[in-house]
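Undergrad: Need a 3D model of the sequence below.
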Amino acid sequence: MINRTTGLRDWAVLVLRLALGGAFIVHGYAKLFPSGPAGFAGFVQSLGFPAPQALAWIVSLLEFGGGIAMVLGLFVRPIGILYIVEMLVTT
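TA: The predicted model follows:
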């Protein structure tokens with residue numbers, strides 16, 4: 001007998017993974033293209049973070065590459081943890 005709750009949970013996790021990954025892809029793409037994260041680095045510097053260039057690249061690549069990986073279902077937990085850290089730092 002198939003457990004209905006497990007099936008619904010699997011679909012819910014898929015939808016959440018696709019939505020979260022898609023949102024991060026969009027935001028990471030905007031930071032990386034067309035001219036790289038230089039503008040974002042200026043914003044990060046205005047907030048007083050150390051090493052704004054490096055941080056801008058790390059955040060941009062995490063959002064874009066991590067979003068793609070999340071949509072594909074790769075490294076979901078480690079990327080999720082990195083997203084949590086990023087969101088805690090940005091709030």
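
Undergrad: Apart from its neighbours in sequence, what residue is nearest the residue nearest in space to the middle of the chain?
TA: The chain has residue 63 as the residue nearest its centroid, 3.4 Å off, counting by C-alpha atoms, centre = their mean. Nearest residue to residue 63, sequence neighbours excluded (C-beta to C-beta, 6 or more residues apart in numbering): residue 28, at 3.1 Å. Yep, even glycine has a C-beta here, placed from its N, CA and C like the rest.

Undergrad: Number of residues surrounding that neighbour?
TA: 21 (other C-beta atoms under 10 Å).

Undergrad: what's around residue 47, how many residues?
TA: Neighbour tally, residue 47, other C-beta under 10 Å: 9.

Undergrad: Look up phi and psi at it.
TA: Dihedral pair for residue 47: phi -80, psi -10, per degrees, to the nearest 10.

Undergrad: contacting residues around the residue nearest to residue 63?
TA: 60-67 (C-beta atoms under 8 Å, 6 or more residues apart in numbering).

Undergrad: one more time with 10 Å, if that's ok
TA: 37, 59-68 (C-beta atoms under 10 Å, 6 or more residues apart in numbering).

Undergrad: Model confidence for it, exactly?
TA: If you check residue 28, the pLDDT there is 97.

Undergrad: mind listing what's buried in whatever helix or strand it lives in?
TA: Using DSSP states H and E, the element containing residue 28 is helix 4-32. By 16 or more other C-beta atoms under 10 Å, the buried positions in helix 4-32 come out as 17, 20-21, 24-25, 28, 31-32.

Undergrad: do stretch 41-58 as well
TA: Buried-residue list, stretch 41-58, by 16+ other C-beta under 10 Å: 41, 44, 49, 52, 55-57.

Undergrad: and residue 61, how many residues sit next to it?
TA: Other residues within reach of residue 61 by the criterion other C-beta under 10 Å amount to 14.

Undergrad: Figure out the helix or strand that it lives in.
TA: helix 52-72.

Undergrad: got the contact list for residue 76?
TA: 13, 17, 20-21, 66, 69-70.
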